[in-house]
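Undergrad: Based on what follows, work out the 3D shape:
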Amino acid sequence: MNEPDSALPLPKRRWAAISIATGLVVTILDGSMVIVMLPVVAETFSVEPSRAIWVMTAYQLTMTCLLLQSAAIGEKYGQWRVYCSGLALFACASLVCAFSTSLSGLIFGRVLQGIGAAGVHSMTMALLRHSYPRSLFGRAAGFNSSVVGLSMAAGPSVGALILHFTDWRGLFLVTFPVAAFSLIAGLGALPRLGRPHLRVDLVSGAIATLATVSLFMALNEMRAGTNVVVLGGYLAAALILFAVLVRRQRGVPNPVLPVDLLSVKVISFSLAASVCVFASQGLTLISLPFHLSHVTDMSPAVIGLLITPWPVGVAAIATIAGRLSDRYSARILCALAAAILFLGLLLLFLLPDSPGPWDVSWRMLICGIGFGLFTTPNNRTAMLNAPLERASASGALLATARLAGQALGATVAAIAFSYWPAQGAIAAISIAMGLTLLALSLSLLRQIV
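TA: Numbers count the residues shown, from 1 in each chain. Presented below is the predicted three-dimensional model:
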């Protein structure tokens, strides 16, 4: 694909990369740190755990619902404006969360944070695409994947450390200065592009939000013994709304749902493969701790540490994968990576009846290496096969695929345990293996970039 490069000069490029990296770190850490504070929040406000979980769910759901809309706004007004506005809102919302005096106030702050995080995550890949020359984009994407992997790994540990020295409000106070620093760096360095003549379809944005919420509620209802009528209603609503959205978006220059990009085989296959591997990751990371707690006498802290080799493997290999993806076929690299991930999952499936820490950790590392080797060339493929002026939409699709895969993995894991309480983890890992083979097949079927 021939296109002019719009790379930033080197000094600005470095500061742009720093802004993007710190923006990702603070928004991902904020999402994963909250896990450890939920019991404390439930106790503080004297509420049931099921209500406290909305502190996490409100953030994730809001961000997922607004990624594509944020991309459409970024195409018109400029990615840097949406990114920096998102960071500013996120930083202010962190203070709202920190000084909340009720659970409702805290959830409201988390919704505001989710809106800000949507602006950040929808723009990161597009800003990288405009900051780096095409020949170096794989390295930039690899560094981006390393940041994501390390942030995901560090979240619960960082949250626990902060709670050791202060209360749950400290988790939100810590995020404010990091977001502010990222904002200041971004205002001075990020590429300033936009297409003011484009129109943002607010009605389609509202339909996309309703469709996403309906699908989320349908996934949440997929349990053993669920009300089939309620489940069917949510699924029907999601399908109808998405069908209406697709019809509205055909031929639109700046669609909220990028049907023009989804019609490109290499992009759609890359997105589908991304959903598969992120779902495989979610299935494994959620189900394995339950299995280990059932068959061993390991403490929760030890089991948590045994999960760490996966994101560490991702962070270790992602930068190398970026360099490789700039030189070699993404089709072959992704197929090889999926094969490595499948091998790691197979080894986990064949764990001894009473595994020790070493038995688990080296298998998790193999999975992490395969996962990390896959994501960078796969993301590069999706981004570089989209026109440069559609970078925002392509980046938002990748972020949506990641979150959709994680949600799907969590849902399928819950379904597995609801139907097979004693063998749920084994069933979940088996499904993860099947999804990984599907990702491998999708990688081989798409065209070479």
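Undergrad: Nearest residue to P133 in space, please, no chain neighbours.
TA: Distances taken as CB to CB, 6 or more residues apart in numbering put A7 closest to P133, at 4.2 Å, once the chain neighbours are dropped. Every C-beta, even on glycine, is put in place using the N, C-alpha and C of the backbone.
Undergrad: What strand or helix carries that neighbour?
TA: Using DSSP states H and E, A7 sits in no helix or strand.
Undergrad: contacting residues for S274?
TA: 375, 378-379, 382, 398, 401-402, 405, 439 (CB atoms under 8 Å, 6 or more residues apart in numbering).
Undergrad: any idea how far the residue nearest to P133 lies from I267?
TA: 22 Å (CB to CB, to the nearest Å).
Undergrad: Please apply the same query to L150.
TA: L150 is 27 Å from I267, by CB to CB.
Undergrad: List of residues touching the helix or strand hosting I332?
TA: For I332, the host element (DSSP H and E) is helix 330-349. Here helix 330-349 makes contact (CB under 8 Å, 6+ apart) with 273, 277, 280, 284, 288, 321, 324-325, 360, 363-374, 377-378, 380-381, 426, 429-430, 432-433, 436-437, 439-440, 443-444, 446-449.
Undergrad: Can you give me the domain boundaries for the chain?
TA: Per automatic domain parsing, the structural domains of the chain span 8-190, 202-251, 258-449.
Undergrad: got those domains as JSON lines, with mean pLDDT columns?
TA: Shown next, in JSON lines, are the domains of the chain (pLDDT from 0 to 100):
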{"stretch": "domain 8-190", "mean pLDDT": "88"}
{"stretch": "domain 202-251", "mean pLDDT": "84"}
{"stretch": "domain 258-449", "mean pLDDT": "87"}
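Undergrad: before we move on, back to that, neighbour count for L150 and I267, which is higher?
TA: Between L150 and I267, counted using other CB atoms under 10 Å, I267 has the larger neighbour count: 25 against 21.
Undergrad: now the strands for the stretch 201-350 of the chain?
TA: For the stretch 201-350 of the chain, applying DSSP state E, counting those that start in this stretch gives no strands.
Undergrad: Enumerate every residue touching A185.
TA: 15-16, 18-19, 22.
Undergrad: Quick check: buried residues in the helix or strand encompassing A17?
TA: Using DSSP H and E, A17 sits within helix 10-44. Buried positions in helix 10-44, judged by neighbour count with 16 or more other CB atoms under 10 Å: 13, 15-17, 19-34, 36-38, 41-42, 44.
Undergrad: what's that helix packed up against?
TA: Judged by 3 or more CB pairs under 8 Å, 6 or more residues apart in numbering; DSSP states H and E, helix 10-44 is in contact with helix 49-52, helix 54-77, helix 79-98, helix 103-131, helix 137-165, helix 169-189.
Undergrad: returning to what we had before: just the ones in helices from the contacts of helix 330-349, please.
TA: Applying DSSP state H to these, the entries found in helices are 273, 277, 280, 284, 288, 321, 324-325, 360, 363-374, 377-378, 380-381, 426, 429-430, 432-433, 436-437, 439-440, 443-444.
Undergrad: Buried only: go through those for me.
TA: 273, 277, 280, 284, 288, 321, 324-325, 360, 363-374, 377-378, 380-381, 426, 429-430, 432-433, 436-437, 439-440, 443.
Undergrad: and which of the contacts of A185 is nearest S85?
TA: S19 (13.5 Å; CB to CB).
Undergrad: was I right about the closest one contacting A179?
TA: No. Taking contacts as CB atoms under 8 Å, S19 lies outside contact range of A179: 10.6 Å.
Undergrad: As PDB, could you dump the C-alpha coordinates of stretch 66-82?
TA: Extracted in PDB, the C-alpha atoms of stretch 66-82 (Å, rounded to 0.1, in the frame of the first residue of the first chain):
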ATOM      1  CA  LEU A  66     -17.600   4.600  23.400                       C
ATOM      2  CA  LEU A  67     -14.400   3.500  21.600                       C
ATOM      3  CA  LEU A  68     -15.900   3.600  18.100                       C
ATOM      4  CA  GLN A  69     -17.700   6.900  18.700                       C
ATOM      5  CA  SER A  70     -14.500   8.400  20.000                       C
ATOM      6  CA  ALA A  71     -12.700   7.300  16.800                       C
ATOM      7  CA  ALA A  72     -15.300   9.000  14.600                       C
ATOM      8  CA  ILE A  73     -14.900  12.200  16.600                       C
ATOM      9  CA  GLY A  74     -11.100  12.000  16.400                       C
ATOM     10  CA  GLU A  75     -11.300  11.700  12.600                       C
ATOM     11  CA  LYS A  76     -13.100  15.000  12.400                       C
ATOM     12  CA  TYR A  77     -11.500  17.100  15.200                       C
ATOM     13  CA  GLY A  78      -8.100  15.400  15.400                       C
ATOM     14  CA  GLN A  79      -6.800  12.400  17.300                       C
ATOM     15  CA  TRP A  80      -4.700  14.600  19.600                       C
ATOM     16  CA  ARG A  81      -7.700  16.500  20.700                       C
ATOM     17  CA  VAL A  82      -9.700  13.400  21.600                       C
END
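Undergrad: All good on my end, thank you.
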